[in-house]
Every structure is written in structure tokens, then in C-alpha cells.
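**Q** I would like the atomic coordinates for the input below:
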Amino acid sequence: TGTLARLLATPASPGAILAGKTLSVAVLGFAGFVTVWLVTSLLFGAPWGDPVAVVALMAATVLAVAGVATFVASLARSERQADAATTVTAFVLALLGGNFVGPNLPPLLRRLSVFTPNGWALRSFTALNTDAAGLREILTALAVLVAMGLVFGAVGVVRVRRVMLP
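**A** Sure, this is the predicted structure:
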């Protein structure tokens, strides 16, 4: 939207700008998750499982997606490229993670889904809902999602700082 150049002209540090953008995306993502959870639970009676585990999984998924998005955006040379790259990446991760076919993935997608935050999240949300799993049963998924978010996010931040700072 052309705001990055104006933001960089302010006294705000590139790190603060990146943190603000990442935080806003994370808050909106989490709010979207909570909205879907509430609407499907209250209006349709859809069970999601243990609420503590659901919230933890939502937070870990948002962190992972924000980290991946930060990394992908750091590879772009312009805002337009960053928007396009993050959109394509989100679609590819959803495809490989099984979001379009549900939990009964074909064998190839089942193997590929473990490399995506979508695959870990989908598998864990399904376990919470259908297997009556709790927080303990999804700890591995939570750890993988948090690790994805932190690693991809850290690499993205380092890359952005190198580009933004002379």
C-alpha cells in the first residue's frame, strides 16, 4: 500500500516496524481463529475439544504462520513482491498441509504435510476434536509449530534488518 517508505522515513526503527506488522498480523490471525471457534461452537454445536489445548494450538499456529510469512516477506524486494509471495506461500502450505482435503490425506500429502505448519495444526485440531486428545497429546505439534515460528521468524528478521539497515 506504499506505507513502508513513509514508515521508514519516521524515527521508528526497522525492527519496530517489522515487530508492529508481525504483531498486527498475529493479532488478526488469532482473532480470526477465535471467531471461527466461537461461531462454529455456539451456532452449530461443533466440538473443538479441550479449550486450553485449542487456545494453545491456535497461538502456536499463528506464531508459526507469522514466522513463515516474515521469512517469505524478507526474500522480496518490494511490498508488492512480498504480498504476492506470502499469498502464494499460504496457498501452497494449505495445499501441502491438507487444508483442502481434510485429515484423510493421500500418502504423498501425508508425508509432505509434516513440513508445513498447516499439516501440524490440522492433524492436532482433528485429534482434539475426534480423538478427545488434550494438551499432553499435542505437545509435539505445539513444539514443532513454535520452533517453525521462531526459526523462520528469526531468519526473516535478520534478513530484513540487513536489507533495511545500511
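**Q** Every contact and neighbour count from this point should use C-alpha atoms.
**A** Noted.
**Q** what's Gly102 in contact with, if anything?
**A** Leu122 (C-alpha atoms under 8 Å, 6 or more residues apart in numbering).
**Q** for Pro107, that is, sorry about that
**A** With C-alpha under 8 Å, 6+ apart, Pro107 has no contacts at all.
**Q** Okay, now the unreliable bits of the protein?
**A** Residue ranges of the chain with pLDDT under 70: 1-2, 103, 163-166.
**Q** what residue lies at the spatial centre of it?
**A** Note on the chain: the residue nearest the mean C-alpha position is Val65, at 1.7 Å, using C-alpha atoms, centre = their mean.
**Q** neighbouring contacts of the host helix or strand of it?
**A** Secondary structure assignment for Val65, by DSSP states H and E: helix 51-74. Residues external to helix 51-74 that are found in contact with it (C-alpha under 8 Å, 6+ apart): 22, 25-26, 29-30, 33, 48, 81-83, 85-86, 89, 117-118, 121, 124-125, 128, 134-135, 138, 142, 145-157, 159-160.
**Q** go with 7 Å
**A** 22, 26, 29-30, 33, 82, 85-86, 117, 121, 134-135, 142, 145-146, 148-150, 152-153, 155-156, 159-160 (C-alpha atoms under 7 Å, 6 or more residues apart in numbering).
**Q** Could I get the CA-only coordinates of that helix as CSV?
**A** Extracted in CSV, the C-alpha atoms of helix 51-74 (Å, rounded to 0.1, in the frame of the first residue of the first chain):
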residue,chain,number,x,y,z
PRO,A,51,-10.4,-25.3,25.3
VAL,A,52,-6.9,-24.9,26.8
ALA,A,53,-5.4,-27.1,24.2
VAL,A,54,-7.4,-25.3,21.4
VAL,A,55,-6.2,-21.9,22.5
ALA,A,56,-2.6,-23.2,22.8
LEU,A,57,-2.8,-24.7,19.3
MET,A,58,-4.3,-21.5,17.9
ALA,A,59,-1.5,-19.4,19.4
ALA,A,60,1.3,-21.8,18.2
THR,A,61,-0.2,-22.0,14.7
VAL,A,62,-0.4,-18.2,14.5
LEU,A,63,3.2,-17.9,15.6
ALA,A,64,4.3,-20.5,13.0
VAL,A,65,2.4,-18.7,10.2
ALA,A,66,3.7,-15.3,11.3
GLY,A,67,7.3,-16.7,11.3
VAL,A,68,7.0,-18.2,7.8
ALA,A,69,5.4,-15.0,6.5
THR,A,70,8.2,-12.9,7.9
PHE,A,71,10.8,-15.1,6.3
VAL,A,72,9.0,-15.2,2.9
ALA,A,73,8.5,-11.4,3.0
SER,A,74,12.2,-11.0,3.8
